[in-house]
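Quick one, structure for this:
(chains A, B, C and D)
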Protein chains: 4
Amino acid sequence: MKKIETQYKTRVEFYDLDPMNVVWHGNYVKYLEAARCDFLEKIGCTYDDIKDAGYAYPVAKMEMKFVTPCVFMQNLVVKTQLESLEPSLNFKYTILDEKTGAKLFSAKTMQICVEIETRKTVYSVPDVLKKRVENYES
Amino acid sequence: MKKIETQYKTRVEFYDLDPMNVVWHGNYVKYLEAARCDFLEKIGCTYDDIKDAGYAYPVAKMEMKFVTPCVFMQNLVVKTQLESLEPSLNFKYTILDEKTGAKLFSAKTMQICVEIETRKTVYSVPDVLKKRVENYES
Amino acid sequence: MKKIETQYKTRVEFYDLDPMNVVWHGNYVKYLEAARCDFLEKIGCTYDDIKDAGYAYPVAKMEMKFVTPCVFMQNLVVKTQLESLEPSLNFKYTILDEKTGAKLFSAKTMQICVEIETRKTVYSVPDVLKKRVENYES
Amino acid sequence: MKKIETQYKTRVEFYDLDPMNVVWHGNYVKYLEAARCDFLEKIGCTYDDIKDAGYAYPVAKMEMKFVTPCVFMQNLVVKTQLESLEPSLNFKYTILDEKTGAKLFSAKTMQICVEIETRKTVYSVPDVLKKRVENYES
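Numbers count the residues shown, from 1 in each chain, chains lettered A, B, ... in the order given. Just a heads-up that it's a prediction; the model follows:
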């Protein structure tokens, strides 16, 4: 399987901060989701494409490591790497400071494919996603 | 129409705070929604009951006044008062400090009834909600 | 006073959606705050500049009108217009669909200037902000 | 070290739901934080007590496993168990359905003690927290 990696840029907003004046740890989940949606869009297969094909991909597991706190108006790069398509959709993420390249955060997610109609788990990747990964040219 | 008022209690969590160490202003919308769902549950007509009857009640307008900032672990009382059922569902809210009774915040919301299937606005209140209001004994 | 208007672009993320598959109404507060921070940055006076000068600008009042629900991956333009600097900092906002220009939402906010050290309300605009507004060339 | 376990009850609110009509996965981080604050309060040592003693406890690592999706108005019990105090503060969590006892979710967090003034990591647990754990009677 191809090791595709995409980069998603975002910026820390005021509403993401906590009383320590850094990004509240739970808000990184949003950065990861935005980066993952961006990944899927770049390979040509959005959440809606997957849904239209009859599948959903709920997150079944995630791990996060907080290295250096992110601060207000900091420009971030989220690197998103596809780790596996089967039996589950696994991504690896790194968040870097856009200017310095310093590593701020890393994470992994595991998503399970579910057939929406039957609510059954599917262990092989649906064609709608598989073909897009195979055909992707970075 | 009856002027029903209910009280909903909640508490300020750490994740609701901003860098000024007070509740971030946008998080009051959550307190209002929780209080409104509690109101509807107390009169015996939940969001799901309304949905099962074929209607949704999106918020069309809201106004908020921030009087005194709420702080970590503060116990709050949200008073929710039904203002009108037709042509729109209007509520008035006051948030008080549970201990001192001091007024911290006030708000108003206006919700429009929409028939889910046709997506058309409905200016009369659906029976599922009307009857519950009429029969409510505080 | 100059009627400065800026434009901030954003996009609807999955985590902003509710069970009706549209942006949850409380999340518009985030779009407004991001647009307001962008406005202040564009005129050359960020939240941090204001804080360093000893002032904070808590939101004291806001009004929101929800015209048309926003959907997943929709590209939005938030137009932010400065309405007044004194005795309070007032902004007007309109959210448009980037492609069609259709109006989706409008809002107003009123912010009160507070001297951080004394916690007293200040009814005249601090120089740090006043000068930036006067000198702004769009 | 004592294996203290506390139980925190909460309920799924509408604003926590996503378009699949279940709790959005990132919102579990809020349930964990609320449960952890409740744990600390029950043993008699709140976040503010720790802060007043000069320390902060940022989350350095977390893992989450999503077993069964939580739905609107579902009553949840979050079991929070202290796993270690040194060299880091580790908790284990399980979320159960209050009525059926079914396991819905599990997680682990690791928090590092930081001296606020120097921003240095502290590998021994501050007395303010240590004594409360030792003296706790469930």
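
How far off centre is stretch A:60-71?
For stretch A:60-71, the separation from the chain centroid amounts to 12 Å (computed by Cα atoms, centre = their mean, to the nearest Å).

Tell me where chain A has strands.
A:5-11, A:55-56, A:59-66, A:75-84, A:89-97, A:103-111, A:113-115, A:121-122 (DSSP state E).

Out of those strands, which gets nearest to B:N135?
strand A:55-56 (39.9 Å; Cβ to Cβ). (Each C-beta comes from the backbone N, C-alpha and C, glycine too.)

The residue most central in space within chain A and chain D, how far apart?
Nearest to the mean C-alpha position of chain A, by Cα atoms, centre = their mean, lies A:R36 at 2.8 Å. Distance, A:R36 to chain D, using Cβ to the nearest Cβ, to the nearest Å: 11 Å.

A:Q7 and A:Y93 touch, don't they?
No - contact criterion Cβ atoms under 8 Å: A:Q7 and A:Y93 do not qualify, at 10.8 Å.

For chain A, which residues are neighbours of chain B?
A:14-15, A:17-19, A:21, A:24, A:26, A:72 (Cβ under 8 Å from any Cβ of the partner chain).

Tabulate those (TSV), appending pLDDT and neighbour count.
Listed next are the residues of chain A next to chain B as TSV, based on pLDDT from 0 to 100; neighbours: other Cβ atoms under 10 Å in any protein chain shown:
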residue	pLDDT	neighbour count
A:F14	97	16
A:Y15	98	20
A:L17	98	22
A:D18	97	21
A:P19	95	17
A:N21	95	13
A:W24	98	24
A:G26	98	21
A:F72	97	19
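
Now flag whichever of those residues is closest to chain D.
A:G26 (3.3 Å; Cβ to the nearest Cβ).

quick one: that closest one and D:G26 touch, right?
Yes - taking contacts as Cβ under 8 Å, A:G26 lies within contact range of D:G26: 6.2 Å.

re earlier: between A:Q7 and A:Y93, which contacts overlap?
A:78-80 (Cβ atoms under 8 Å, 6 or more residues apart in numbering or on different chains).

ok, so of those, who is nearest chain B?
The nearest one, if we look at those relative to chain B and count by Cβ to the nearest Cβ, is A:V78, at 21.4 Å.

Test my guess that A:V23 contacts A:R11.
No - contact criterion Cβ under 8 Å: A:V23 and A:R11 do not qualify, at 11.0 Å.

what about the two, which has more around it?
It is A:V23, of A:V23 and A:R11, that has more neighbours when counted by other Cβ atoms under 10 Å in any protein chain shown, with 25 against 15.

For the more buried one, give the beta-bridge partners.
Going by DSSP bridges, A:V23 is paired in beta bridges with A:L17.

Distance of A:E137 relative to chain B?
41 Å.

What of A:V12?
11 Å.

next one: A:K42
In this view, A:K42 and chain B are 30 Å apart by Cβ to the nearest Cβ.

Go ahead and confirm that residue touches A:E5.
No - assessed by Cβ under 8 Å, A:K42 is found out of contact with A:E5, at 10.3 Å.

who's more crowded, those two?
Neighbour totals were compared for A:K42 and A:E5, and A:K42 leads with 17 against 14 (other Cβ under 10 Å).

For the more buried one, which non-adjacent residue is spatially closest?
If the residues on either side of it in the chain are set aside, A:K42 comes closest to A:T6, at 5.1 Å by Cβ to Cβ, 6 or more residues apart in numbering or on different chains.

what's across from the closest residue to A:Y93 other than its chain neighbours in the sheet?
Sequence neighbours aside, A:A107 is the residue nearest to A:Y93 in space, at 4.5 Å (criterion: Cβ to Cβ, 6+ apart). Following DSSP bridges, A:A107 is listed with bridge partners A:M64, A:Y93.

tell me the contacts of A:A107?
With the criterion set at Cβ under 8 Å, 6+ apart, A:A107 makes contact with A:28, A:32, A:62-65, A:92-93.

go on, A:E98?
Contacts of A:E98 (Cβ under 8 Å, 6+ apart): A:9, A:75-77.

how does it look with 10 Å?
For A:E98, the contacting residues are A:7, A:9-11, A:74-77, by Cβ atoms under 10 Å, 6 or more residues apart in numbering or on different chains.

Repeat that for A:K9.
A:35, A:38, A:75-78, A:98.

Low-confidence regions, chain A specifically.
For chain A, applying pLDDT under 70 flags the ranges A:1, A:138.

buried set for the longest helix seen in it?
Determined from DSSP state H, the single longest helix within chain A is helix A:28-43. Neighbour counts using 16 or more other Cβ atoms under 10 Å in any protein chain shown place A:28-43 of helix A:28-43 among the buried residues.

now do stretch A:127-135
Those would be A:128-129, A:132-133, for stretch A:127-135 by 16+ other Cβ under 10 Å.

The residue in chain A sticking out farthest from the centre and B:I50, how far apart?
Distance to the chain centre peaks in chain A at A:P19, reaching 26.6 Å (criterion: Cα atoms, centre = their mean). Distance, A:P19 to B:I50, using Cβ to Cβ, to the nearest Å: 37 Å.

what do you get for A:V77?
Distance from A:V77 to B:I50, by Cβ to Cβ: 44 Å.

neighbour count winner among the two?
B:I50 (20 against 17).

what's around A:L76, how many residues?
Count around A:L76 with other Cβ under 10 Å applied: 20.

my guess is it contacts A:Y31, does it?
Yes - here A:L76 reaches A:Y31: they are 7.0 Å apart, a contact under Cβ atoms under 10 Å.

Can you pull the residues of chain A lying near chain C?
Within chain A, the residues that sit near chain C (Cβ under 10 Å from any Cβ of the partner chain) are A:10-11, A:13-16, A:27, A:29-34, A:36-38, A:41, A:46-48, A:51, A:71-73.

picking that back up, what pairs with the residue nearest to A:K42 across the strands?
With DSSP bridges as the rule, A:T6 is bridged to A:T80.

OK, contacts around it?
Per Cβ under 10 Å, 6+ apart, neighbours of A:T6: A:35-36, A:38-43, A:78-82, A:136, A:138.

if I look at it, how far off is A:A102?
Counting by Cβ to Cβ, the gap from A:T6 to A:A102 is 20 Å.

do the same with A:S88
Taking Cβ to Cβ as the measure, A:S88 falls 31 Å from A:A102.

quick one, which of the two is more surrounded?
A count of neighbours by other Cβ under 10 Å puts A:S88 above the other of A:S88 and A:A102, at 18 against 11.

What residues does the more buried one make contact with?
A:57, A:60-61, A:109-113, A:121, A:123, A:125.

Repeat that for A:P58.
Applying Cβ under 10 Å, 6+ apart to A:P58 gives the contacts A:111-114, A:121, D:18, D:20, D:22, D:25, D:66, D:69.

for these, which one is nearest chain C?
When these are compared against chain C (criterion: Cβ to the nearest Cβ), the nearest one is D:D18, at 6.3 Å.

Which residue comes closest to the closest one once chain neighbours are left out?
D:W24 (3.9 Å).

I figured that neighbour hits C:F14, correct?
Yes - between D:W24 and C:F14 there is a contact at 8.3 Å, judged by Cβ under 10 Å.

any shared contact partners between these two?
Counting by Cβ under 10 Å, 6+ apart, the contacts common to D:W24 and C:F14 are A:30, A:33, D:18.

mind checking how far the second one is from chain B?
The reference is to A:E33. To chain B, A:E33 is 17 Å away according to Cβ to the nearest Cβ.

surely that residue meets C:Y15?
Yes - with contact defined as Cβ under 10 Å, A:E33 counts as touching C:Y15 (5.5 Å).

Can you pull the residues that touch both of the two?
With Cβ under 10 Å, 6+ apart as the test, A:E33 and C:Y15 both reach D:24-26.

of all those, which comes closest to chain A?
Set against chain A, the nearest of the shared contacts of A:E33 and C:Y15 by Cβ to the nearest Cβ is D:G26 (3.3 Å).
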